[in-house]
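S.K.: Pasted the sequence and its predicted model underneath.
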Amino acid sequence: MTTDQHGLAMSGASTAAVRHYDRAIDELLHFRAEVDAEANAALAESPGFPMGNVLSAYLGLLTTEVEDAKTARVRFAAFRRRTDETALLPRERAHVAAVQALLDGDFLTCGRLLGEITVQHPRDALALAAGHQVDFFTGDARSLRDRIGGALSGWREDDPHFGHVLGMYAFGLEEAGHYDRSEEVGLRAVELNARDVWGIHAVVHTYEMQGRFGDGLRYLDARVPDWSTGTFFNIHNWWHYSLYALESGDLPRVLAVYDSVLADGQSCMELLDAAALLWRLHLDGSEQHERWRALADAWPARVAEPFYAFNDMHAVMSYVGCFLISYA
């Protein structure tokens, strides 16, 4: 029996596998692409590692990419076929059930099961992070706030991931409308970890919701190296930066960001932000014909089969934007 960096027992893992798992959790909380490599390395060391397989499944299923979800489904089914689940630890069995609910399309049951894990094990960072994403996908503002808030007493301020937990809590507070408290908690999260891009994101959400566009630009400008490179969340935070620039009437800056950062999106997540920004420009009376055309061309291969309605909606926005070119 081994334990992870937060003292939680895990079965079926070598010391090396646990080391890779711990690194993967750290990369996940930092929104860094290296999380995939570390998760794969954990399973290469111990293929039957239950929490390694659970982590890999969450990474594939809590995504905007249909191919990632397909791969996760196949891999997790293979893991379950070769595993005696009665021998798993209770927390591990609960995670397996939560992943299966996600595979079945039952986000609400998945979120509930993850919440039960958090009650018993508030320092289970994976349960918190996955549950936070489930709450985001389901639009549950109360749970975005309370899932994380309820776990805070289980964490110490000297824990290296305490700041990340505060960053998640700040976002939940903002989504629940507690803007002043969200700003306070988010600023503390970023103080503890300057490269907590989710904490930075929570702060800029707070400024957006209060119409504090100048504060938003100044906050992001002051820490560009911390949020603009090295994570798979860069483009979304650049999108927020562009919203502030648009609200400030700085169209050249908006278009410069679009062309340098958003225009060549390689994932659905990146195309979502590109479509959302062009649509706001359209509503503001700025028609971007060639940009719409290029974006519309990028969508069909990514929405060829049903997966995520949010993708579909933004694909339609792109097609409509392209269609409007003919009548401009």
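M.R.: Alright, I've got the coordinates. Residues are numbered from 1 along each chain as shown.
S.K.: hang on, residue 144 packs against residue 176?
M.R.: Yes. Using CB atoms under 8 Å, residue 144 makes contact with residue 176 at a distance of 6.7 Å. Quick note: C-beta positions are derived from backbone N, CA and C, even for glycine.
S.K.: More neighbours: which of these two?
M.R.: Counting neighbours by other CB atoms under 10 Å for residue 144 and for residue 176 shows that residue 144 has the greater number, 25 against 18.
S.K.: now that one, what's its secondary structure?
M.R.: What DSSP: H, G, I helix; E, B strand; the rest coil gives for residue 144 is helix.
S.K.: Could you report the neighbour count for the nearest residue to it once chain neighbours are set aside?
M.R.: Sequence neighbours aside, residue 172 is the residue nearest to residue 144 in space, at 3.7 Å (criterion: CB to CB, 6 or more residues apart in numbering). Using other CB under 10 Å, residue 172 is surrounded by 26 other residues.
S.K.: List the contacts of residue 172.
M.R.: Residues near residue 172 by CB atoms under 8 Å, 6 or more residues apart in numbering: 132, 135, 141, 143, 144, 145, 146, 147, 148, 149.
S.K.: Can I get the helix or strand containing it as PDB, trimmed to CA atoms?
M.R.: Element membership for residue 172 (DSSP states H and E) is helix 162-175. What follows is helix 162-175 as a C-alpha-only set of coordinates in PDB (Å, rounded to 0.1, in the frame of the first residue of the first chain):
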ATOM      1  CA  PHE A 162      -3.700  25.100  -0.900                       C
ATOM      2  CA  GLY A 163      -3.500  28.100  -3.300                       C
ATOM      3  CA  HIS A 164      -5.000  26.000  -6.100                       C
ATOM      4  CA  VAL A 165      -7.900  25.000  -3.800                       C
ATOM      5  CA  LEU A 166      -8.400  28.700  -3.000                       C
ATOM      6  CA  GLY A 167      -8.400  29.500  -6.800                       C
ATOM      7  CA  MET A 168     -11.200  27.000  -7.300                       C
ATOM      8  CA  TYR A 169     -13.100  28.400  -4.400                       C
ATOM      9  CA  ALA A 170     -12.700  31.900  -5.800                       C
ATOM     10  CA  PHE A 171     -14.200  30.900  -9.100                       C
ATOM     11  CA  GLY A 172     -17.100  29.200  -7.300                       C
ATOM     12  CA  LEU A 173     -17.700  32.400  -5.200                       C
ATOM     13  CA  GLU A 174     -17.700  34.500  -8.400                       C
ATOM     14  CA  GLU A 175     -20.200  32.200 -10.200                       C
END
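S.K.: so what does the helix or strand that that helix is followed by touch, helix or strand wise?
M.R.: Later in the chain than helix 162-175, the nearest helix or strand by DSSP H and E is helix 179-192. Applying 3 or more CB pairs under 8 Å, 6 or more residues apart in numbering; DSSP states H and E, one finds that helix 179-192 makes contact with helix 162-175, helix 197-209.
S.K.: Grab the most central residue of the protein for me.
M.R.: Centroid-nearest residue in the chain, with CA atoms, centre = their mean: residue 133, separated by 6.2 Å.
S.K.: hang on, it packs against residue 62?
M.R.: Yes. Residue 133 is within contact range of residue 62, at 4.6 Å (criterion: CB under 8 Å).
S.K.: Return the distance of the residue nearest to residue 144 relative to residue 29.
M.R.: Using CB to CB, to the nearest Å, residue 172 is found at 15 Å from residue 29.
S.K.: Equivalent analysis for residue 92, please.
M.R.: Taking CB to CB, one finds residue 92 at 20 Å from residue 29.
S.K.: pLDDT weak spots in this protein?
M.R.: 325-328 (pLDDT under 70).
S.K.: what's the closest non-adjacent residue to residue 217?
M.R.: residue 244 (4.6 Å).
S.K.: Residue 220 is in contact with the one you found, correct?
M.R.: Yes. If you go by CB under 8 Å, residue 244 and residue 220 touch, sitting 7.3 Å apart.
S.K.: Now for the two: what residues contact both?
M.R.: residue 204.
S.K.: Please name the nearest non-neighbouring residue to residue 39.
M.R.: Residue 39 sits nearest to residue 24 (CB to CB, 6+ apart), 4.5 Å away.
S.K.: For the one you found, the count of nearby residues, please.
M.R.: Other residues close to residue 24 by other CB under 10 Å number 26.
S.K.: I'd like to know which elements the host helix or strand of it is packed against.
M.R.: Assigned by DSSP H and E, residue 24 belongs to helix 15-29. Contact here means 3+ CB pairs under 8 Å, 6+ apart; on that basis helix 15-29 packs against strand 2-3, helix 34-45, helix 50-61, helix 125-138.
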